[in-house]
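*Asks:* The sequence and its predicted three-dimensional model are supplied below.
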Amino acid sequence: MKPKFSLNLGKPFGIRVSVHWTFSLLIVWIVFISLNRGLEFNQILMHLFFVLTLFACVVLHEFGHSLTAIKLGGKVQSITLLPIGGIANITEMPEDPKDEFWVSAAGPLVNVVIAGLLWLYLSLTPAPSFDEIEYGTITAGNFPILLMTANLFIVAFNLIPAFPLDGGRLFRSILSMNMSRLKATRIAKDIGQVFAFLFIFAGLFFNPFLVIIGFFVLLGAKAEYEMMTYKEILDNYTVGDLVKTDYEVLDENKTLAEAAEKLTHIYNRGFVVTSGGEYAGLLTKNDLIKGLNTHGKEGIVKDVMSRDIEPYSPGMKLFDAYKNMHKNRQDIVPVMDSREFKGIIDLESINEFFLIKKALK
């Protein structure tokens, strides 16, 4: 799913690269700080060019992760640039701890290579020494040295063991070689949250971006651990174990008023829509609300129902179904076996099932 309010930059290697709208806030902030310092127009342009070049290095960093993940059997959907850096949406991470280690290490290694190439360039061309550099303003003379330093900083920062940063993932992968992945994730999460509070505290006094990074680490670690907990339990079951056959049926020629009236008297996320007694699609609550707003009460179910929801097979792992429904923001999905309609599966039931199994465990 394409992030909202983002600028698409293309799909190199089949991976969508986009810039989130909040990236513009970073540009505005740099211009504001530069104006306050009394910099001239050309100097401001140089500062912006440096930031854009640095973020090009960040994109290469994320491609390091992404292409390594694909090489080792993972799947990557997109790379998104944010003011605090880049995020590779690796939808399927290789589960072997050694593979995860290399996927996590690949990003910082890209920055090491970039820094090495810049060092080689500087060693072959006349350039000022570190003692002679003016760090307050970026110029054509100090640009390569500052870019090399920035790449080395990216390496150092990413190796901090603050899960889900690269260093935290490296730490988790090493732990996973000697214990369960869930336990390793819990330990990495707890350590990562300690660093998150340190980032937030430091950001209040030094740099507001550290506050943002701290909250990203805090929330990201918590979300990933919860997802791992779901995987630990739901991977033992299939969609067929939770398929519902006591669903509410609605004929495609019914009016939206009739559907709304029926929905007010039942506890349900939507209807199975039939045509001539055969499965034709689903009518979710969202479909019904949008249809009423667009067509009014006299609108017909078949004009607003969802026909293109990809069905799940009974043998599909329950965790994969849960993950896909979350990603696609689906409440209910049809279940079919060789084109034969078997029932539906809904996200609320999966959550309830998880909570029960977790409590029993």
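*Replies:* Perfect, I can see it now.

*Asks:* give me the low-pLDDT residue ranges for the stretch 201-350 of the chain?
*Replies:* Along the stretch 201-350 of the chain, segments meeting pLDDT under 70 span 265-268.

*Asks:* was I right about residue 248 contacting residue 259?
*Replies:* No: taking contact to mean C-beta atoms under 8 Å, the distance of 9.8 Å between residue 248 and residue 259 leaves them out of contact. For glycine as for every other residue, the C-beta is placed from the backbone atoms N, C-alpha and C.

*Asks:* I'd guess residue 126 is in a helix, am I close?
*Replies:* No: the assignment for residue 126 by DSSP: H, G, I helix; E, B strand; the rest coil gives coil, which leaves it out of any helix.

*Asks:* measure it to residue 117 for me?
*Replies:* Using C-beta to C-beta, to the nearest Å, residue 126 is found at 18 Å from residue 117.

*Asks:* and these two? which has more neighbours close in?
*Replies:* Here residue 126 and residue 117 are set side by side on neighbour count (other C-beta atoms under 10 Å), and the busier one is residue 117, at 13 against 6.

*Asks:* if I pick the residue nearest to residue 137 when sequence neighbours are not counted, what's in contact with it?
*Replies:* The shortest distance from residue 137 to any non-neighbouring residue, by C-beta to C-beta, 6 or more residues apart in numbering, is to residue 43 (5.8 Å). Under the criterion of C-beta atoms under 8 Å, 6 or more residues apart in numbering, the neighbours of residue 43 are 34, 137, 138.

*Asks:* joint contacts of residue 248 and residue 259?
*Replies:* With C-beta under 8 Å, 6+ apart applied, the overlap between the contact sets of residue 248 and residue 259 consists of residue 271.

*Asks:* So the two - more neighbours on which side?
*Replies:* Here residue 248 and residue 259 are compared on neighbour count by other C-beta under 10 Å; more neighbours surround residue 259, at 28 against 16.

*Asks:* For the host helix or strand of that one, what is the distance to the chain centroid?
*Replies:* If you go by DSSP states H and E, residue 259 is part of helix 256-263. What separates the centre of helix 256-263 from the centre of its chain is 37 Å, taken as C-alpha atoms, centre = their mean, to the nearest Å.

*Asks:* In terms of secondary structure, what does that helix contact?
*Replies:* The elements that helix 256-263 packs onto, with contact taken as 3 or more C-beta pairs under 8 Å, 6 or more residues apart in numbering; DSSP states H and E, are strand 270-275, helix 285-295, helix 301-304.

*Asks:* got a markdown table for the ones you listed, with mean neighbour count too?
*Replies:* Below are these laid out as a markdown table (neighbours: other C-beta atoms under 10 Å):
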| stretch | mean neighbour count |
| --- | --- |
| strand 270-275 | 21 |
| helix 285-295 | 15 |
| helix 301-304 | 19 |
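
*Asks:* closest one to residue 350 among the ones you listed?
*Replies:* strand 270-275 (15.3 Å; C-beta to C-beta).

*Asks:* could you check the angle helix 256-263 makes with the closest one?
*Replies:* With axes from the mean of the first three to the mean of the last three C-alpha atoms, to 10 degrees defining the directions, strand 270-275 sits at 130 degrees from helix 256-263.

*Asks:* in its sheet, what does strand 270-275 sit against?
*Replies:* The sheet places strand 270-275 alongside strand 249-251 (parallel), strand 278-284 (antiparallel), with pairing taken from DSSP bridges.

*Asks:* Quick one: distance of it to the chain centre.
*Replies:* In terms of C-alpha atoms, centre = their mean, the centre of strand 270-275 is found 33 Å from the chain centre.

*Asks:* re the thing from before, ok, which of the helices and strands packed on helix 256-263 comes nearest residue 12?
*Replies:* Once C-beta to C-beta is applied to these, the stretch that comes out nearest is helix 285-295, at 34.4 Å.

*Asks:* Give me the pLDDT for residue 182.
*Replies:* pLDDT, residue 182: 88.

*Asks:* Could you say which helix or strand holds it?
*Replies:* Residue 182 belongs to helix 181-205 when assigned by DSSP H and E.

*Asks:* before we move on, what about residue 106?
*Replies:* Assignment of secondary structure by DSSP H and E places residue 106 within helix 97-124.

*Asks:* Okay, buried residues for that helix please.
*Replies:* Burial within helix 97-124, assessed by neighbour count using 16 or more other C-beta atoms under 10 Å, is assigned to 97, 99-111, 114-115, 118.

*Asks:* and it, what does it pack onto?
*Replies:* For helix 97-124, the packing partners by 3+ C-beta pairs under 8 Å, 6+ apart come out as helix 41-71, helix 143-158, helix 166-176.

*Asks:* Contacts for the second one, please.
*Replies:* Counting contacts by C-beta under 8 Å, 6+ apart, the residues outside helix 143-158 that touch it are 46, 50, 53-54, 57-58, 61, 107-108, 111-112, 114-115, 118-119, 121-122, 127-128, 130, 133, 135, 138, 165-167.

*Asks:* ok, now the shortest one?
*Replies:* Outside of helix 166-176, the residues that reach it under the criterion C-beta under 8 Å, 6+ apart are 65, 97-98, 100-101, 103-105, 107-108, 158-163, 181, 183-185, 187-188, 191-192, 217, 221.
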